[in-house]
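**Q** Here's my sequence, what's the structure:
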Amino acid sequence: MKYCMKMRLIPILEDLNPYMQLALDEAILDKVSMGFSPPTIRFYSLKPLCISIGYFNDVCRSVNLGKASGLGIPIIRRITGGGAVVHDGEAELIYSFVFPSTSMSIALEKVGLTIERALKKLGIAISYVRVNDLIINKKKIGGMACARRGGAVLVHGTLMISTRTELLDDLLRVPLPKLIEKGIVRISERVITLEKLGIKDMNIDTVMKAILSEIKDYKIYRDNPTENELRLAEEIAMKYRSWNWLFSRCGENYNVRTRRSKHGKTIEMGMIMERNVIKKFLIMGDFFAYPETAIDNAQNRVENIDNSLELRRVLSNIKAELLGISIDDIVELATSLYKELTSEV
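**A** Residues are numbered from 1 along each chain as shown. Below is the predicted model of the structure:
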């Protein structure tokens, strides 16, 4: 008989606000990475309506801040990469996996194929498309995001049940190169929901059971989050509420250039120059990186550089697991932007 590791299934926690829901994902990831918690799966929704943005997203360029503020919609920066997402309460199902894995790409594929098999079992012919999309009829019905801590990976994602897709056009901003690549003008043209597919009687419990039935490598057992996980989540939620965290990447007043990588994701580069010297520098986008601090540290090391050769040298030495972009993407976009702003040949 094949040996299976155990995976904890945490019951749906209805009373947690969006900050705490996302913070609990991070807390569980930290505890699993240290060996204090078991591999874990849970399901939830984010209520009330809110927006989450990826770790590397420029909040000023990925969200219509005026619209969100006017409607009182909170924005939360995740620790996971990927793009901005409008969370429409119980109109979507969020799934969260935390388990040991060798890489983010393997973890995303593992979860993506699990979701694909589960929905196909229910007669919904979706496909997992690398890096992190779930597609049906050439439209996106859900997506995933991931983060790694040591030997553990968090993958959480959404399935759009009856999401109000018009909210995406009102609240989100997408880089023009991505719209051009997808051949669309509005974000809502790219997505679809189960309801719009005509599947109106699909019970979320049925979807959850189908997903659980397709987890082949683990034996599922039910248990609650530990007191340590909840305490840590409360601390993390305070970080998520802070302006410093939310606006840690904001390209306002920067010279910004955008590129779609052949690896599937968008990278944005921002510079503020003074007499051919880089005074401020941002690397942004919807890609994934581990450790994220490798990108953050590179931003700091680039400041005060005054020539493209040194800029290239520093960025070429970034040591990180990248998914959706490459080091060459970072180096080439940064050096071309520097040369454009300085007229360096």
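
**Q** can you pull out the helices in the stretch 101-250 of the chain?
**A** Secondary structure of the stretch 101-250 of the chain (DSSP state H, counting those that start in this stretch): helices located at 104-121, 166-171, 176-182, 204-213, 227-241, 243-246.

**Q** any idea how far I325 is from L168?
**A** 23 Å (C-beta to C-beta, to the nearest Å). Bear in mind the C-beta positions are built from the backbone N, C-alpha and C, glycine included.

**Q** follow-up on the earlier one: make CSV out of the helices of the stretch 101-250 of the chain and add mean neighbour count.
**A** CSV is the format used below for the helices of the stretch 101-250 of the chain (neighbours: other C-beta atoms under 10 Å):
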stretch, mean neighbour count
helix 104-121, 20
helix 166-171, 18
helix 176-182, 14
helix 204-213, 16
helix 227-241, 16
helix 243-246, 12
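
**Q** lowest-confidence stretch among these?
**A** Mean pLDDT values for these show the minimum at helix 176-182, a mean of 68.

**Q** As CSV, the helices of the stretch 101-250 of the chain with distance to E189 would be great.
**A** Shown next, in CSV, are the helices of the stretch 101-250 of the chain (distance: least, C-beta to C-beta, whole Å):
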stretch, distance to E189
helix 104-121, 22
helix 166-171, 9
helix 176-182, 8
helix 204-213, 25
helix 227-241, 31
helix 243-246, 28
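
**Q** Nearest to S308, out of those?
**A** Nearest of the helices of the stretch 101-250 of the chain to S308, taken as C-beta to C-beta: helix 176-182 at 22.6 Å.

**Q** just checking, what's the longest strand in the chain?
**A** strand 139-149 (DSSP state E).

**Q** now that one against helix 104-121, angle please.
**A** 140 degrees (axes from the mean of the first three to the mean of the last three C-alpha atoms, to 10 degrees).

**Q** packing partners for strand 139-149?
**A** helix 18-33, helix 104-121, strand 133-136, strand 152-160, strand 288-290 (3 or more C-beta pairs under 8 Å, 6 or more residues apart in numbering; DSSP states H and E).

**Q** That strand to helix 18-33, inter-axis angle?
**A** 50 degrees.
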